[in-house]
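*Asks:* got a predicted structure plus its sequence, pasted below:
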Amino acid sequence: MSIIKIDMNSPEFQTELEKTIKFTDKVCESRGWVYNPQEEVNEGVQMGLARNKMMYGKRFCPCFMVEEVDGKPQSVDNRICPCKPAIENEIPETGVCHCGIFCTPEFAAAKKTELGMEEAVHTHSRGLTQEECQAILEKDELDGDEVAALIEARELGMVDFVLVDVREHMEWQMGHIKGADKLVPTSSFYYALEEAKLNKDDHIIVYCHVGSRSAHVARIMRDMGYTKVGNLTYGIVSYGGEIVR
């Protein structure tokens, strides 16, 4: 087995992506939802849906790990877009689905205002001490600023850890956190993890698109004996540092 690689530029993928965009357009239209004002969120989810349709034959939610159960692919909570949790709970309660692509008009308007008010310049380490950086490394859940601070601190030789992207190869190509050390896609997780040759006693931080797959992976790794695994809680979409595209 090897890491599954889908060529984003292939005619097959582009055809499936076109179908998926029409599909998400129809979902919005039929349910009175709108797209997220952050276009990169929508693009990432649409490409993930198209990828899953090619790989598994179904538009499984790209933000959740797909595993084989009784010889058939299945995602957590059987999340097939538009998934039941989004329809019944997430969008009515918070205004947005877990992946972030589908929103109520009210949520989208508020988000657009929020994005307009965000500062363009982010501060990260702000002179954190080595002890403070080490304390952040011990956490099970980290936010985007904390991971950015740790990457800066690692560059200064203050801390050491391994940053692992658990998204798919195609998502890595679209853009990954500068400083990411390993790609361990969930579609070929156990093979890729073995190939990565990670030390079970090293500090490891995992991340995905919005934090769901990586949270699942972190739990699996802890069960496998990895002792210091942290998760970027809200994924790469919450990260304000440099992205390599």
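*Replies:* That came in fine, so what should we check first? For clarity, every value in this text was computed on a predicted model and none was experimentally measured.

*Asks:* max-length helix in the chain?
*Replies:* For the chain, the helix that runs over the most residues, judged by DSSP state H, is helix 11-31.

*Asks:* tell me the buried residues in that one?
*Replies:* Within helix 11-31, the residues that count as buried by 16 or more other C-beta atoms under 10 Å are 13, 16-17, 20-21, 23-24, 27. Any C-beta I mention is one placed from the backbone N, CA and C, and that applies to glycine too.

*Asks:* ok, stretch 170-181 next?
*Replies:* 170-174, 176-177, 179-180.

*Asks:* same check on stretch 218-234?
*Replies:* In stretch 218-234, counting by 16+ other C-beta under 10 Å, buried: 218, 220-221, 226, 228-234.

*Asks:* dump these to CSV, plus secondary structure and pLDDT.
*Replies:* Converted to CSV, these look like this (DSSP: H, G, I helix; E, B strand; the rest coil; pLDDT from 0 to 100):
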residue, secondary structure, pLDDT
Ala218, helix, 96
Ile220, helix, 96
Met221, helix, 97
Tyr226, coil, 98
Lys228, strand, 97
Val229, strand, 98
Gly230, strand, 98
Asn231, strand, 98
Leu232, strand, 97
Thr233, coil, 95
Tyr234, coil, 91
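
*Asks:* now the two most distant members of those residues.
*Replies:* Spanning the widest gap among the buried residues of stretch 218-234 are Tyr226 and Tyr234, at 21.6 Å by C-beta to C-beta.

*Asks:* re earlier: can you tell me which of the buried residues of stretch 170-181 is closest to Ala108?
*Replies:* So of those, ranked by how close each gets to Ala108 (C-beta to C-beta), first place is Met174, at 22.6 Å.

*Asks:* quick one, helices of the chain?
*Replies:* With DSSP H as the criterion, the chain has helices spanning 11-31, 39-56, 84-85, 91-94, 105-117, 130-137, 144-155, 169-174, 189-196, 212-223.

*Asks:* and Ala218, what is it in contact with?
*Replies:* Residues near Ala218 by C-beta atoms under 8 Å, 6 or more residues apart in numbering: 140, 206, 229-231.

*Asks:* quick revisit: Cys63: which of the buried residues of stretch 218-234 is nearest?
*Replies:* Tyr234 (10.9 Å).

*Asks:* got phi/psi on the closest one?
*Replies:* phi -110, psi 20 (degrees, to the nearest 10).

*Asks:* my guess is it meets His209, correct?
*Replies:* No. Tyr234 is beyond contact range of His209, at 9.5 Å (criterion: C-beta atoms under 8 Å).

*Asks:* need the contacts of Ala218 in CSV with distance to Gln134, can you?
*Replies:* Formatted as CSV, these follow (distance: C-beta to C-beta, whole Å):
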residue, distance to Gln134
Asp140, 15
Val206, 19
Val229, 16
Gly230, 12
Asn231, 18
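
*Asks:* from those residues, which is closest to Asp70?
*Replies:* Val206 (27.2 Å).

*Asks:* run a quick neighbour tally on the closest one.
*Replies:* Using other C-beta atoms under 10 Å, Val206 has 24 neighbouring residues.

*Asks:* what distance do you get for it to Ile21?
*Replies:* 29 Å (C-beta to C-beta, to the nearest Å).
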